[in-house]
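# Fold the following.
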Amino acid sequence: MSRRRRSFRRSRRGISPVISTIIIVAVAIAISIAVAFWLGGITSIFTRFEKLEITSAYATASGSDTWKIVLTVKNTGTTATTITDIFINNIPISDYNGQISADGDNGDNHVKFNDESQDTQGIDQINYPLDTGEDVTITFYLKSDTAHTFTHGQSVTITIHTAGGQDYPQTVVLP
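Sure thing, here's the model as predicted:
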(Lines give C-alpha, C1' and ligand atoms only; values in the text may rest on other atoms or scores of the structure.)
Protein backbone atom coordinates (compact mmCIF):
# COMPACT_ATOMS: atom_id res chain seq x y z
CA MET A 1 0.00 0.00 0.00
CA SER A 2 2.77 2.41 0.68
CA ARG A 3 4.12 1.75 -2.82
CA ARG A 4 0.87 2.74 -4.38
CA ARG A 5 0.85 6.03 -2.52
CA ARG A 6 4.35 6.85 -3.62
CA SER A 7 3.65 6.09 -7.25
CA PHE A 8 0.44 8.12 -7.10
CA ARG A 9 2.34 11.12 -5.74
CA ARG A 10 4.97 10.79 -8.42
CA SER A 11 2.47 10.53 -11.24
CA ARG A 12 0.50 13.59 -10.13
CA ARG A 13 1.61 16.77 -11.82
CA GLY A 14 0.49 20.36 -11.40
CA ILE A 15 0.36 23.23 -13.83
CA SER A 16 3.77 24.31 -14.91
CA PRO A 17 4.98 27.76 -13.78
CA VAL A 18 5.02 29.02 -17.39
CA ILE A 19 1.38 28.12 -18.01
CA SER A 20 0.26 29.64 -14.70
CA THR A 21 2.14 32.87 -15.51
CA ILE A 22 0.45 33.08 -18.94
CA ILE A 23 -2.99 32.61 -17.35
CA ILE A 24 -2.36 35.29 -14.72
CA VAL A 25 -1.10 37.77 -17.35
CA ALA A 26 -4.13 37.11 -19.61
CA VAL A 27 -6.55 37.69 -16.74
CA ALA A 28 -4.74 40.92 -15.75
CA ILE A 29 -4.89 42.22 -19.33
CA ALA A 30 -8.62 41.44 -19.61
CA ILE A 31 -9.37 43.23 -16.34
CA SER A 32 -7.28 46.26 -17.31
CA ILE A 33 -9.11 46.56 -20.67
CA ALA A 34 -12.48 46.41 -18.91
CA VAL A 35 -11.42 49.09 -16.40
CA ALA A 36 -10.10 51.31 -19.23
CA PHE A 37 -13.44 51.19 -21.07
CA TRP A 38 -15.31 51.89 -17.85
CA LEU A 39 -13.13 54.90 -17.00
CA GLY A 40 -13.38 56.16 -20.58
CA GLY A 41 -17.15 56.25 -20.29
CA ILE A 42 -17.03 58.12 -17.01
CA THR A 43 -14.50 60.72 -18.14
CA SER A 44 -16.44 61.60 -21.29
CA ILE A 45 -19.30 62.71 -19.06
CA PHE A 46 -17.08 65.03 -17.01
CA THR A 47 -14.87 66.42 -19.79
CA ARG A 48 -17.54 68.17 -21.82
CA PHE A 49 -16.83 71.84 -22.28
CA GLU A 50 -18.45 74.96 -23.59
CA LYS A 51 -16.71 77.15 -26.13
CA LEU A 52 -18.13 79.92 -28.25
CA GLU A 53 -16.24 81.53 -31.10
CA ILE A 54 -17.21 84.94 -32.39
CA THR A 55 -16.47 84.33 -36.06
CA SER A 56 -17.53 87.77 -37.27
CA ALA A 57 -18.10 91.11 -35.57
CA TYR A 58 -18.57 94.47 -37.19
CA ALA A 59 -20.33 97.80 -36.86
CA THR A 60 -21.79 99.97 -39.61
CA ALA A 61 -23.06 103.53 -39.36
CA SER A 62 -26.82 103.82 -39.60
CA GLY A 63 -27.20 107.55 -39.07
CA SER A 64 -25.29 110.27 -37.31
CA ASP A 65 -25.57 108.73 -33.85
CA THR A 66 -26.74 105.14 -34.55
CA TRP A 67 -24.66 102.06 -35.37
CA LYS A 68 -25.70 98.59 -36.46
CA ILE A 69 -23.74 95.89 -34.59
CA VAL A 70 -23.63 92.39 -36.11
CA LEU A 71 -22.01 89.39 -34.37
CA THR A 72 -21.84 85.84 -35.68
CA VAL A 73 -21.31 83.36 -32.85
CA LYS A 74 -20.62 79.61 -33.24
CA ASN A 75 -20.67 76.95 -30.53
CA THR A 76 -17.48 74.94 -31.07
CA GLY A 77 -17.59 73.20 -27.69
CA THR A 78 -18.69 69.66 -26.92
CA THR A 79 -21.90 70.60 -25.13
CA ALA A 80 -24.89 72.84 -25.78
CA THR A 81 -24.94 76.25 -24.12
CA THR A 82 -27.28 79.17 -23.60
CA ILE A 83 -26.55 82.84 -24.19
CA THR A 84 -27.92 84.61 -21.12
CA ASP A 85 -26.63 88.17 -21.46
CA ILE A 86 -24.75 90.59 -23.66
CA PHE A 87 -22.49 93.27 -22.22
CA ILE A 88 -21.43 96.48 -23.95
CA ASN A 89 -18.28 97.93 -22.38
CA ASN A 90 -18.87 95.70 -19.32
CA ILE A 91 -22.39 97.06 -18.80
CA PRO A 92 -25.36 94.69 -19.27
CA ILE A 93 -27.25 95.44 -22.46
CA SER A 94 -30.45 95.82 -20.43
CA ASP A 95 -28.98 98.98 -18.82
CA TYR A 96 -28.94 100.71 -22.20
CA ASN A 97 -32.62 101.61 -21.89
CA GLY A 98 -33.88 103.26 -25.06
CA GLN A 99 -30.51 102.90 -26.81
CA ILE A 100 -30.87 99.36 -28.18
CA SER A 101 -33.30 98.40 -30.92
CA ALA A 102 -33.79 95.52 -33.33
CA ASP A 103 -34.77 97.67 -36.29
CA GLY A 104 -32.82 100.90 -35.80
CA ASP A 105 -35.88 103.15 -35.71
CA ASN A 106 -36.66 103.34 -32.03
CA GLY A 107 -35.20 102.15 -28.76
CA ASP A 108 -37.43 99.12 -28.27
CA ASN A 109 -34.80 97.21 -26.28
CA HIS A 110 -34.74 94.26 -28.66
CA VAL A 111 -31.89 92.18 -30.04
CA LYS A 112 -32.37 89.98 -33.11
CA PHE A 113 -31.12 86.41 -33.11
CA ASN A 114 -31.02 85.08 -36.71
CA ASP A 115 -33.38 87.82 -37.93
CA GLU A 116 -36.04 87.10 -35.33
CA SER A 117 -36.69 89.17 -32.24
CA GLN A 118 -35.48 87.58 -29.01
CA ASP A 119 -38.74 88.12 -27.14
CA THR A 120 -41.58 90.62 -26.78
CA GLN A 121 -40.42 91.87 -23.38
CA GLY A 122 -37.13 93.32 -24.54
CA ILE A 123 -33.62 92.36 -23.58
CA ASP A 124 -33.97 91.95 -19.83
CA GLN A 125 -34.24 88.17 -20.18
CA ILE A 126 -31.98 86.86 -22.92
CA ASN A 127 -32.18 83.08 -22.98
CA TYR A 128 -30.97 81.84 -26.36
CA PRO A 129 -29.95 78.14 -26.57
CA LEU A 130 -27.09 77.21 -28.88
CA ASP A 131 -26.42 73.55 -29.73
CA THR A 132 -23.00 72.12 -30.51
CA GLY A 133 -21.87 73.19 -33.97
CA GLU A 134 -24.72 75.69 -34.35
CA ASP A 135 -24.13 79.35 -35.14
CA VAL A 136 -26.28 82.42 -34.63
CA THR A 137 -26.21 85.97 -35.96
CA ILE A 138 -26.91 88.59 -33.31
CA THR A 139 -27.97 92.01 -34.61
CA PHE A 140 -28.83 95.17 -32.73
CA TYR A 141 -28.68 98.92 -33.23
CA LEU A 142 -26.82 101.05 -30.73
CA LYS A 143 -27.88 104.67 -30.34
CA SER A 144 -25.93 107.35 -28.52
CA ASP A 145 -27.72 109.42 -25.88
CA THR A 146 -26.89 111.40 -22.77
CA ALA A 147 -26.64 108.36 -20.47
CA HIS A 148 -24.17 106.42 -22.63
CA THR A 149 -22.47 108.35 -25.39
CA PHE A 150 -20.85 106.70 -28.37
CA THR A 151 -18.79 108.42 -31.03
CA HIS A 152 -17.32 107.61 -34.42
CA GLY A 153 -13.97 105.82 -34.11
CA GLN A 154 -14.69 104.55 -30.60
CA SER A 155 -13.84 100.95 -29.70
CA VAL A 156 -16.74 99.11 -28.13
CA THR A 157 -16.25 95.79 -26.35
CA ILE A 158 -19.19 93.43 -26.71
CA THR A 159 -19.17 90.41 -24.42
CA ILE A 160 -21.40 87.35 -24.79
CA HIS A 161 -22.21 85.75 -21.41
CA THR A 162 -23.42 82.14 -21.17
CA ALA A 163 -25.29 80.05 -18.63
CA GLY A 164 -22.03 78.21 -17.90
CA GLY A 165 -20.56 81.44 -16.53
CA GLN A 166 -18.18 81.99 -19.45
CA ASP A 167 -17.60 85.36 -21.12
CA TYR A 168 -16.60 85.78 -24.76
CA PRO A 169 -15.51 89.35 -25.56
CA GLN A 170 -15.09 90.97 -28.97
CA THR A 171 -14.10 94.54 -29.77
CA VAL A 172 -15.62 96.46 -32.67
CA VAL A 173 -14.79 99.97 -33.80
CA LEU A 174 -17.67 102.30 -34.56
CA PRO A 175 -17.10 103.76 -38.06
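# Grab the nearest non-local neighbour of T84.
Leaving aside its chain neighbours, T84 sits nearest to A163 (5.1 Å; criterion: C-beta to C-beta, 6 or more residues apart in numbering). Every C-beta, even on glycine, is put in place using the N, C-alpha and C of the backbone.
# Report the contact partners of that neighbour.
By C-beta atoms under 8 Å, 6 or more residues apart in numbering, the residues touching A163 are 81-82, 84.
# Filter those down to the buried ones, PyMOL style.
Selection command for PyMOL covering only the buried members of these, criterion 16 or more other C-beta atoms under 10 Å:
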select buried, resi 81
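# any weak-confidence spans in this structure?
Scanning the chain for pLDDT under 70 picks out 1-13, 44-45, 104, 106-107, 115-124.
# which residues of this structure fall in strands?
Secondary structure of the chain by DSSP state E: the strands cover 52-61, 66-75, 81-88, 91-92, 100-101, 112-113, 116-117, 128-130, 135-143, 155-162, 167-173.
# ok, how many other residues are close to I83?
23 (other C-beta atoms under 10 Å).
# I'd like to know how far it sits from N109.
I83 is 16 Å from N109, where distance means C-beta to C-beta, to the nearest Å.
# Return the residues in contact with E134.
Counting by C-beta under 8 Å, 6+ apart, E134 touches 74-75.
# quick revisit: could I get the strands of the chain as TSV with distance to I19?
Output for the strands of the chain, formatted as TSV (distance: least, C-beta to C-beta, whole Å):
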stretch	distance to I19
strand 52-61	58
strand 66-75	56
strand 81-88	56
strand 91-92	73
strand 100-101	79
strand 112-113	68
strand 116-117	72
strand 128-130	59
strand 135-143	61
strand 155-162	59
strand 167-173	61
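# Please identify the most buried of the ones you listed.
strand 100-101 (a mean of 22; mean count of other C-beta atoms under 10 Å).
# right, and T139 touches T72 too?
No - T139 is not in contact with T72 according to C-beta atoms under 8 Å; the separation is 9.8 Å.
# Might you report the residue contacts of the spatially most central residue of the chain?
In the chain, the residue lying closest to the centroid (C-alpha atoms, centre = their mean) is E50, at 2.0 Å. Going by C-beta under 8 Å, 6+ apart, E50 touches 75, 77, 79, 81, 162, 164, 166.
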